[in-house]
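Asks: with the input below, show me the fold.
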Amino acid sequence: MGKSSVFSIVTGHFRTLYDARSGRIRIRDLIFQLGLPLALAATSQLLSWQLREVGNVIVGVSIVAALLCAMATLIFQIRVNLQGKPQQHRKGAQLIDEVFANVLWAILVGFSVALLLIIAESFGLMRNEQTARVVSSVTVFAGAHFILVVGMCLKRLQSAYVVIAALQAP
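Replies: As a prediction, this is how the structure comes out:
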């Protein structure tokens, strides 16, 4: 796949789910990021939930993913501005690097959800009850994960702001 591979985005995001003290992956974060969406998807499958207005979901997810693209640009600029700064900016730069990885992952997940629904709608998969349930469950999983990642991005961006602002206070 080479230049088309998104593997580095995937690994970049999941590498940020670590304990700052021990440096090891936090299982609790993985369970929250993947287990909760999986439980919601399983529940949707058991209760036979089906998406009715696929177009609204496509539009909503696409708008948020596009706004995240703008956020990624701003985060990149913040990181460039921290380049060559004193050593005390290291923690802020690390947080910026992590939030950048998380934002890229959120963009990828958001666009993937939109693409899945566009393909499902285009091929008439939402007209068949069985395939509509599967597509709906996958969408519930990816959508819940998307929301959790966006929330984590906002929390990490706020943390980075606090760290960087404290360093620049008079």
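Asks: how about low-confidence regions in this structure?
Replies: Counting by pLDDT under 70, the chain shows low-confidence ranges at 1, 85-88, 168-170.
Asks: please determine how far His145 is located from Thr16.
Replies: From His145 across to Thr16, the span is 14 Å (CB to CB, to the nearest Å). Where C-beta positions appear, they are placed from N, C-alpha and C, glycine not excepted.
Asks: what's the single longest helix in this protein?
Replies: When the chain is parsed with DSSP state H, its longest helix is helix 129-168.
Asks: and the residue sitting nearest the centre point of the chain, what does it touch?
Replies: Nearest to the geometric centre of the chain sits Ala106, at 2.4 Å (CA atoms, centre = their mean). Residues near Ala106 by CB atoms under 8 Å, 6 or more residues apart in numbering: Ala65, Leu68, Phe146, Val149, Val150, Cys153.
Asks: reformat these as a markdown table; add neighbour count and distance to Arg21.
Replies: A markdown table is the format used below for these (neighbours: other CB atoms under 10 Å; distance: CB to CB, whole Å):
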| residue | neighbour count | distance to Arg21 |
| --- | --- | --- |
| Ala65 | 20 | 33 |
| Leu68 | 25 | 29 |
| Phe146 | 24 | 28 |
| Val149 | 22 | 23 |
| Val150 | 21 | 26 |
| Cys153 | 24 | 22 |
